[in-house]
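Q: Predicted model follows, preceded by the sequence.
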Amino acid sequence: MTASAQATALKSELRALGTPQRAASERAYLKSDLEFTGTAVPATRSVIKSWCRARPGLTRGELVAVTWALWARPVFECRMAAVELLDARAALLRADDAVLIEHMLRTAGTWALVDGLAEHVIGGLTERCRELATTLDRWARDDDFWLRRSAMLALLRPLRRGEGDFERFSRYADQMLEEKEFFIRKAIGWVLRDTAKRRPEMIAAWLAPRAHRASGVTLREAVRPLPAGVRERLLAARRGSLSGALRHRPPAARNRAGGASSRYPGAQSTRSASHLRRRRCSHCRLVQACRATTTMRMTLEIACQRILERGSSQS
């Protein structure tokens, strides 16, 4: 049976395990233009494991050919099956197969496919084939943010074990730390968080001089495993740097950051610096806590005033 025929058979098997409701839900969630069969990932993984068990003598050539054939189909579950197939038979892969993996990463278009390829497939291959470190270096500078994200996630597994090349990750993260792309910010925080579980002192020391440069997404993720006191100091350092930067910005720059006069000509810019900070960080739990504290303080002040007024009237 040809690789194309095997991919077609796998597609039919995956489709039989899916539902239209799940297909619609997954497509909407991932905002993808791919076709969806509505097959759950555990079911997809089970299909691939069964397929591999039936072929104990699978060669590298057959593995690569079927992977290409699955990926060529514009069906999310077929592409997920291709990722699972490479992961299941990763021992057959060689350094040359990074070309195939790079093509898959460039055309994946969603974290749901990229992350497994990056962390498990190229990550495992890089551990075995150290010469691929130069490939990761190239990816870390690529215009495609999925490749930049993959360069970092490929280093995650050994770092999670308390081993790995943190110096290389540090170089990647340093050059991407101020990027606006959410998936880059999240990846930096993710790797730092998992590394901190084994080496919290090292991650705290790395973050301390960089807290003012890191995004809130990155920092909140990274500090989660750290001791409470260290975590609060790092978060406070970032808040302090944002407050200082806002105070020293000229009025025109503040307007561009969201003042009313920049959006509505002729309107008076009555927004205070604290209001702008709250607007910029409205998603932050800390701001929500501050608002709750302010509300409680106002409630107490009103209650005290009423007590005083009642006492005055009685006297």
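A: Received it, and whenever you're ready, just let me know what you need. Residues are numbered from 1 along each chain as shown.
Q: Need the residue closest to the centroid of this protein.
A: K186 (3.3 Å; C-alpha atoms, centre = their mean).
Q: That one contacts V217, correct?
A: Yes: applying C-beta atoms under 8 Å, one finds K186 in contact with V217, separated by 5.8 Å. Every C-beta, even on glycine, is put in place using the N, C-alpha and C of the backbone.
Q: hmm, back to that, helix or strand for the residue nearest to the centre of the chain, just tell me which one.
A: If you go by DSSP states H and E, K186 is part of helix 182-196.
Q: hey, C-alpha coordinates of that helix in CSV?
A: Listed next in CSV are the C-alpha coordinates belonging to helix 182-196 (Å, rounded to 0.1, in the frame of the first residue of the first chain):
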residue,chain,number,x,y,z
PHE,A,182,1.4,36.8,22.5
PHE,A,183,2.7,33.3,21.6
ILE,A,184,6.3,34.4,22.0
ARG,A,185,5.6,36.1,25.4
LYS,A,186,3.7,33.0,26.6
ALA,A,187,6.5,30.6,25.4
ILE,A,188,9.2,32.5,27.3
GLY,A,189,7.1,32.5,30.5
TRP,A,190,6.2,28.8,30.0
VAL,A,191,9.9,27.7,29.7
LEU,A,192,10.9,29.9,32.7
ARG,A,193,8.1,28.6,34.8
ASP,A,194,8.9,24.9,34.2
THR,A,195,12.6,25.5,34.7
ALA,A,196,11.9,27.3,38.0
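Q: and for whichever helix or strand comes after it, what are the contacting residues?
A: Next in sequence after helix 182-196, counting helices and strands by DSSP H and E, comes helix 200-207. Under the criterion C-beta atoms under 8 Å, 6 or more residues apart in numbering, residues 166, 170, 192, 195-196, 214, 219, 222-223, 225-227, 230, 234 lie in contact with helix 200-207.
Q: redo that, cut-off 10 Å
A: Contacts with helix 200-207, where a contact means C-beta atoms under 10 Å, 6 or more residues apart in numbering, come from 162, 166, 169-170, 173-174, 191-197, 199, 213-214, 218-219, 222-223, 225-227, 230-231, 233-234, 237-238.
Q: Can you flag the buried ones in the residues you listed?
A: 166, 169, 173, 191-196, 199, 214, 218-219, 222-223, 225-226, 230-231, 233-234, 237-238 (16 or more other C-beta atoms under 10 Å).
Q: among the helices and strands of this protein, which one scores worst on average pLDDT?
A: Every helix and strand in the chain was compared by mean pLDDT, DSSP states H and E; the lowest is helix 260-263, with a mean of 35.
Q: residue ranges for the strands of the stretch 151-300 of the chain, please.
A: Remark: no strands are assigned in the stretch 151-300 of the chain by DSSP state E, counting those that start in this stretch.
Q: remind me which residues of it are low pLDDT?
A: Low-confidence segments of the stretch 151-300 of the chain, defined by pLDDT under 70: 242-300.
Q: ok, now which ones touch the closest residue to W51 other than its chain neighbours?
A: Excluding the flanking residues, the one nearest W51 by C-beta to C-beta, 6 or more residues apart in numbering is L10, at 6.6 Å. Going by C-beta under 10 Å, 6+ apart, L10 touches 44, 47-48, 51, 66, 69-70, 73, 77-78, 81-82, 85.
Q: if I've got this straight, L10 is in a strand?
A: No: the assignment for L10, made by DSSP: H, G, I helix; E, B strand; the rest coil, is helix rather than a strand.
Q: Could you chop this structure up by domain?
A: For the chain, the structural domains run 155-247, 279-315, going by automatic domain parsing.
Q: pLDDT of the helix or strand hosting S50, averaged?
A: Here S50, judged by DSSP H and E, is contained in helix 41-53. Taken as a whole, helix 41-53 carries a mean pLDDT of 97.
Q: and the helix or strand following it, what does it pack onto?
A: Later in the chain than helix 41-53, the nearest helix or strand by DSSP H and E is helix 60-71. Helix 60-71 sits against helix 3-16, helix 41-53, helix 76-88, helix 98-108, with contacts defined as 3 or more C-beta pairs under 10 Å, 6 or more residues apart in numbering; DSSP states H and E.
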